[in-house]
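Student: Predicted model and sequence below, questions to follow.
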Amino acid sequence: MHCIALHFIGLAMFFLGLCGYFFTQISLELSGMLVLSSLIGLGLMLMSPYPIVLFLQWAQQQADNQAANQSANSTANQTPDSKNQNEKY
């Protein structure tokens, strides 16, 4: 839940920086350049972890599903003789 909040805060900072750059004269002064570049840079940095977290969660679900499918297939493919041999060891 925190990643979503940080993502939207970063998105807001990024768009504030872009709006300040394109629609105001603040970027003509050195202090304005510093503020706008900080807003854009920090906004992008705050936005970036959320898609990475989504990808990692998706990859973990894929790995779990694949492991579950492999274990289900391996037990379904065993013959009664091979089940008895596995129980001996």
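Tutor: Here it is on my side, so go on. Numbering: from 1, shown residues only.

Student: In the protein, spot the helix with the most residues.
Tutor: Looking across the chain with DSSP state H, the single longest helix is helix 49-76.

Student: which parts of that helix are buried?
Tutor: residue 50 (16 or more other CB atoms under 10 Å). C-beta coordinates here come from the backbone N, C-alpha and C atoms, glycine included.

Student: now do stretch 27-42
Tutor: Buried residues in stretch 27-42, defined by neighbour count with 16+ other CB under 10 Å: 27, 35, 36, 39, 40.

Student: Same question for stretch 7-17.
Tutor: 7, 10, 13, 14, 17.

Student: and it, average pLDDT?
Tutor: The pLDDT scores in stretch 7-17 average 94.

Student: where does this protein dip in pLDDT?
Tutor: Counting by pLDDT under 70, the chain contains low-confidence ranges at 1, 75-89.

Student: just to revisit the earlier point, from the buried residues of stretch 7-17, which single one is nearest residue 62?
Tutor: residue 7 (22.4 Å; CB to CB).

Student: any idea how far residue 31 is from residue 25?
Tutor: Distance from residue 25 to residue 31, counting by CB to CB, to the nearest Å: 12 Å.

Student: before we move on, the earlier item: of the buried residues of stretch 7-17, which belong to helices?
Tutor: 7, 10, 13, 14, 17.

Student: quick one: the third one and residue 35, what's the gap?
Tutor: This means residue 13. 11 Å.

Student: Then the first one?
Tutor: As judged by CB to CB, residue 7 and residue 35 stand 22 Å apart.

Student: Equivalent analysis for the last one, please.
Tutor: For residue 17, the distance to residue 35 under the criterion CB to CB works out to 8 Å.

Student: Over to residue 3?
Tutor: 26 Å.

Student: do the same with residue 42
Tutor: 11 Å.

Student: and what of residue 16?
Tutor: According to CB to CB, residue 16 and residue 35 sit 10 Å apart.
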